[in-house]
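Undergrad: my questions concern the predicted model and sequence given below.
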Amino acid sequence: MAIEHVHETSGAEKKTVVVTGRVDQGILKANTDAELVGYSAKKSPVKVTGLEMYHKTLDECQPGDSVGVALACAGDTTSLSKDNVERGMVLAAPGSTTVYNKLRAQVYLLTKEEGGRHTGFGPHYRPQLFFHCADITADLSFPKAEAAREELIKKHGKDEEGMKKVQADMKAIEADLICMPGDNVELLVTLAYPMPVEKGLKFTIREGKITVGCGTVIETMGLDNKVSIEGIKKATGKGAAAGGKKKK
């Protein structure tokens with residue numbers, strides 16, 4: 001279930017976190033173990049303590065149901081609140097999801113007449129990708145550019161002097177690569193945060209509130225914990241309890 005909203009309710013003993021969303025697949029049952037996944041390589045175990053739909057308490061819910069789910073800490077999850085449970089996370093059965101931040105996707109860029117961009121973009125274009133309920137900054141590059149970079153590293157080496165030559169050569173290569181409005185191309189996608197994605201996942205590409213393109217994941221390529229997209233600060237410490245994304 002992709003989380004759309006997060007609420008906190010105060011009871012006689014303690015606060016309870018309630019998340020709402022639509023069940024995408026499988027059967028979600030009350031009093032079972034689950035995981036909160038997204039915005040971090042770490043998955044946060046939780047306990048489903050209650051289910052409610054249209055003010056009616058349920059024992060279980062099925063795909064297509066829009067429900068409210070009360071959650072409690074479980075395992076090594078020590079706290080749950082609106083500070084560390086966020087829209088876009090996925091509530092899933094333990095071990096049923098895998099997180100990635102490196103993808104290969106087929107992308108269509110909307111034309112000016114379709115309400116998209118007026119100009120094209122080159123390697124390392126950084127829009128927002130919207131999928132499920134998540135809104136994630138991503139770096140879009142070209143397979144040809146990444147292949148050229150690998151060859152240049154083999155040629156010049158990874159030392160300081162070699163990497164300077166790589167960067168200089170890459171500028172000339174990337175200057176000739178561009179995706180124009182109306183193009184349907186294969187691109188390499190690097191997400192700012194690890195997310196539970198799978199082959200076939202569809203997403204939209206946005207600049208602010210404007211949709212400029214759409215795409216489909218054709219391959220999940222892996223999880224690189226060293227990925228850091230410029231301008232995105234990764235949260236550490238208290239924010240890592242259930243997701244690790246720093247609140248804006």
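TA: Nice, I can see it. Since we're looking at a predicted model, the values are computed, not measured. Residues are numbered from 1 along each chain as shown.
Undergrad: what comes up buried for the helix or strand of the chain with the lowest mean pLDDT?
TA: Least confident helix or strand of the chain, by mean pLDDT, DSSP states H and E, is strand 2-10 with a mean of 86. For strand 2-10, a neighbour-count test (16 or more other Cβ atoms under 10 Å) marks A2, I3, V6 as buried. For the C-beta atoms, the positions are set from N, CA and C on the backbone; glycine is no exception.
Undergrad: what does stretch 52-62 give?
TA: Neighbour-count burial for stretch 52-62 [16+ other Cβ under 10 Å]: E52, L58, C61.
Undergrad: distance to I229 for these - can I get that in JSON lines?
TA: Below are the buried residues of stretch 52-62 laid out as JSON lines (distance: Cβ to Cβ, whole Å):
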{"residue": "E52", "distance to I229": "38"}
{"residue": "L58", "distance to I229": "40"}
{"residue": "C61", "distance to I229": "36"}
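Undergrad: could you look up the SS state of the residue minimising distance to the centre of the chain?
TA: The residue lying closest to the centre of the chain (Cα atoms, centre = their mean) is M195, at 3.9 Å. Following DSSP: H, G, I helix; E, B strand; the rest coil, the label given to M195 is strand.
Undergrad: just D33 next, same as before
TA: Under three-state DSSP, D33 comes out as strand.
Undergrad: okay, the residue nearest to the centre of the chain and P181: tell me how far apart.
TA: 27 Å (Cβ to Cβ, to the nearest Å).
Undergrad: relative to the whole chain's centre, how far out is the one helix or strand T57 maps to?
TA: Here T57, judged by DSSP states H and E, is contained in strand 56-58. Offset of strand 56-58 from its chain centre (Cα atoms, centre = their mean, to the nearest Å): 31 Å.
Undergrad: cool, and stretch 169-179?
TA: Worked out by Cα atoms, centre = their mean, stretch 169-179 lies 27 Å from the chain centre.
Undergrad: that one: which residues count as buried?
TA: Result for stretch 169-179 [16+ other Cβ under 10 Å]: buried residues D169, I173, E174, L177, C179.
Undergrad: cool, and stretch 136-144?
TA: Quick answer for stretch 136-144 (16+ other Cβ under 10 Å): I136, T137, A138, D139, L140, S141, F142.
Undergrad: then stretch 199-206?
TA: Neighbour count says stretch 199-206 has L201, F203, T204, I205 buried, by 16+ other Cβ under 10 Å.
Undergrad: surely the first one and V217 touch.
TA: Yes. Taking contacts as Cβ atoms under 8 Å, L201 lies within contact range of V217: 4.4 Å.
Undergrad: end to end, how far does stretch 179-189 reach?
TA: Across stretch 179-189, the terminal residues are separated by 14 Å (Cα to Cα, to the nearest Å).
Undergrad: what comes into contact with it?
TA: 102-112, 116-122, 125, 129, 138-143, 146, 215, 217-218, 221 (Cβ atoms under 8 Å, 6 or more residues apart in numbering).
Undergrad: same thing with stretch 58-74?
TA: For stretch 58-74, the external contacting residues (Cβ under 8 Å, 6+ apart) are 1, 7, 16-30, 33-34, 36, 45-53, 79-80, 85, 91.
Undergrad: picking that back up, just the pLDDT for the residue nearest to the centre of the chain.
TA: Reported pLDDT at M195 in the predicted model: 96.
Undergrad: look up the closest residue to it, ignoring the ones flanking it.
TA: G38 (5.3 Å; Cβ to Cβ, 6 or more residues apart in numbering).
Undergrad: could you pull up phi and psi at that neighbour?
TA: phi 130, psi 150 (degrees, to the nearest 10).
Undergrad: burial of the nearest residue to E207 once chain neighbours are set aside, as a residue count?
TA: Closest residue to E207 apart from its sequence neighbours, by Cβ to Cβ, 6+ apart: P127 at 5.5 Å. Residues lying near P127 (other Cβ atoms under 10 Å) number 21.
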